[in-house]
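Trainee: Quick one: sequence plus predicted model below, questions after.
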Amino acid sequence: MINPPSSANNDSAKAAPTPSRGRKWLTYGLLGLLVALGLLTALIPSILSTAFGRGVALGVINDTVRGSVAIDALSLSWLSGQSIRGVEIMDPTGKRVVRLEELSTELTLLKAIQRKLSLGRTTIHGLIAELTVDASGANNLTQALEPNTPSTSEATPILIPLTGNIKLSDAHITVTPSNAEPVVFEGLAGTVRVEPTERTLDVALEGRSRQGDIDGVDGMLGLKGLLRAGVGNRANLKIQASGTAQTQNVTVAADSPNIQAGIIAEVNQGRFALTQPALVRLVVTPDFFQKLATSAENEAALHLVEAFPLNLKAERLDLSISDFNLGDIALRGGVEAEKPIALTGARELGDVTIRGLNATVNSERLSERADITLGGEAIAQSKPGQIEVQAKLDQLIDRQGTLQLDKFGSDRRHAER
C-alpha cells in the first residue's frame with residue numbers, strides 16, 4: 001500500500017526557490033548597480049559644476065594646499081570643452097596672488113584623465129597676477145599651491161604630452177623681485193603654441209611695461225635719476241620666442257618715448273646672449289644730458305640746446321637672467337649721433353657744436369673694466385678741432401651692481417686743427 005505525500009511536504013517544496021530564479025535576481029542587482037555607477041560617473045561633471053559640487057571640490061583642494069582657491073563658476077564635460085570663471089588664488093597669509101576672469105579650453109575630461117592633453121583652442125582672459133620673489137628665488141604663487149604636508153619621498157618628474165594653441169588677452173602681471181621695485185606688465189595679449197612631437201614652444205606676446213617706483217631703482221643702481229630721464233617709466237613691448245623648454249630664440253621690440261630697440265637673442269639655461277647685433281635708437285633730451293653730465297662731474301660745464309638721437313649697435317651682450325647683476329654683463333658695441341649736437345656753456349666756452357660723434361665700449365665684465373673710446377669734430381668759437389678720448393673705466397659698476405661714475409681713470413687727447 002502506497003501512502004500519498006503529506007500536505008506539509010508539498011508546501012515546503014513549493015516554498016523553496018529554484019536555483020535559476022536566484023541567479024536572475026543576482027544578475028538584475030548587478031546590472032542595476034552597474035547602471036547606477038555609470039549614471040553617477042556620467043553625472044560627475046554636472047555635479048561638480050553645481051554650487052554644491054564646486055564647494056566640495058574646493059574644500060578638498062583647500063585642505064591640501066597651504067594657500068586657498070576660490071571659483072565663481074565651473075562648467076565641466078566628459079566629451080566637450082571646459083570653462084572656469086572667477087578664479088582666485090590666495091597665499092597662506094590670505095593675500096591674493098592670482099585673479100582670472102575666464103579660462104576656456106577644448107580639452108575634454110576623458111582625454112585629461114588619459115593624460116592626452118590636447119588643449120585645442122584655449123583662451124585665458126582677464127588674468128591679474130601679483131607675484132613676489134624672495135631672496136631665495138621662491139615666489140608666492142608656488143608657496144600658495146604647496147601641499148600642507150610635504151612629501152618625504154623624492155619627487156619623480158612626470159612628462160605629460162601637451163599640445164594646443166593658447167590665447168592670452170587683457171592680462172596684467174606685477175612682478176616684485178627681492179630688494180627691488182615692482183615691474184608692471186599691462187594689457188598683455190598673445191599666443192602660445194605647443195607641439196610636443198616637434199619639441200617646440202612658440203610664444204608671441206605684446207603689451208606695455210611700467211616700472212613701479214623708478215626713482216627707487218635709480219637709487220638702487222646708483223643711476224641718480226638717469227633711468228627716468230633717459231627711458232621714462234613706460235614702454236610698449238613685443239616678444240616672440242620659439243624653441244624648447246631649455247633653449248629659446250627670442251625677439252624683443254621695445255618702444256618708449258625716448259627709446260626704440262630691436263633685439264634677437266638666445267636664452268639657454270637661464271643665460272641671455274645676442275645672436276645678432278642689437279639696434280637701439282635713443283633720443284638724448286636736455287634733461288637726460290644734464291643728469292648724465294652732473295653725475296660724472298660736480299657741475300655740468302655744457303648744456304644741451306636741443307634733443308638729438310643716438311644709434312647704438314651692440315655686437316655682444318651676455319648676461320644671466322636667473323641671477324641678474326648689472327656688474328656681470330659682458331658688452332661690446334658702438335654709438336653714433338644722427339646729427340650735429342648743439343651745446344652751450346659759460347662765456348669762455350660759448351656755443352659748441354659736435355659733429356660726427358662716435359664711441360665704442362668693450363667689457364668682459366662691467367664690474368671689472370670697460371674700455372671706451374670717443375671721437376668726433378668739435379667747433380668752439382668758430383675754431384674746429386678733433387676730439388679723441390680713450391678711457392679705461394675700472395669698476396664702472398661694483399660687484400653689487402651699482403653704477404660708480406666717480407671711479408674711472410682716463411687718457412684723453414684733444415688736438416686742435
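Mentor: Done, it's in. Residues are numbered from 1 along each chain as shown.
Trainee: and A129, that one's in a strand?
Mentor: Yes. Assessed with DSSP: H, G, I helix; E, B strand; the rest coil, A129 lies in a strand.
Trainee: Surely it is in contact with L141?
Mentor: Yes. Using CB atoms under 8 Å, A129 is in contact with L141, at 7.4 Å. For glycine as for every other residue, the C-beta is placed from the backbone atoms N, C-alpha and C.
Trainee: Show me what the top helix by length along the chain is packed against.
Mentor: As assigned by DSSP state H, the longest helix anywhere in the chain is helix 19-49. Using 3 or more CB pairs under 8 Å, 6 or more residues apart in numbering; DSSP states H and E, the elements in contact with helix 19-49 are helix 51-64, strand 68-75.
Trainee: looking at these, which is closest to R96?
Mentor: Nearest of the helices and strands packed on helix 19-49 to R96, taken as CB to CB: strand 68-75 at 9.6 Å.
Trainee: Flag the shaky bits of the stretch 101-250 of the chain, pLDDT-wise.
Mentor: 151-162, 179-181, 196-201, 210-234, 245 (pLDDT under 70).
Trainee: quick one: the helices in the chain?
Mentor: With DSSP H as the criterion, the chain has helices spanning 7-15, 19-49, 51-64, 109-113, 140-145, 214-221, 226-231, 286-296.
Trainee: now what about the fourth one, what contacts it?
Mentor: The contact list for helix 109-113, computed with CB atoms under 8 Å, 6 or more residues apart in numbering, reads 45, 76-79, 82, 117-118.
Trainee: Drop anything exposed from the residues you listed.
Mentor: 45, 76, 82, 117 (16 or more other CB atoms under 10 Å).
Trainee: one step back: among the contacts of helix 109-113, show me the least confident.
Mentor: pLDDT across those is lowest for L117, at 79.
Trainee: My read is that G126 contacts S104, right?
Mentor: No. Counting by CB under 8 Å, G126 stays clear of S104, with 12.0 Å between them.
Trainee: correct me, but N165 touches R121?
Mentor: Yes. Applying CB under 8 Å, one finds N165 in contact with R121, separated by 5.8 Å.
Trainee: Look up phi and psi at G137.
Mentor: Here is the backbone geometry of G137 (degrees, to the nearest 10): phi 100, psi 0.
Trainee: For it, give me its contacts.
Mentor: Residues counted as contacts of G137 (CB under 8 Å, 6+ apart) are S322.
Trainee: Roughly how far does it sit from V175?
Mentor: As defined by CB to CB, to the nearest Å, G137 lies at a distance of 13 Å from V175.
Trainee: tally of neighbours for the nearest residue in space to P309 that is not next to it in sequence?
Mentor: With CB to CB, 6 or more residues apart in numbering as the criterion, P309 has its nearest non-adjacent residue at 4.4 Å, and that residue is E338. By the criterion of other CB atoms under 10 Å, E338 has 12 neighbours.
Trainee: Kindly report the same for the one 5 residues further on.
Mentor: Counted with other CB under 10 Å, the neighbours of L343 add up to 20.
Trainee: what is it paired to in the beta sheet?
Mentor: L304, V352 (DSSP bridges).
Trainee: From what I see, it and H303 are in contact.
Mentor: Yes. Using CB under 8 Å, L343 is in contact with H303, at 6.6 Å.
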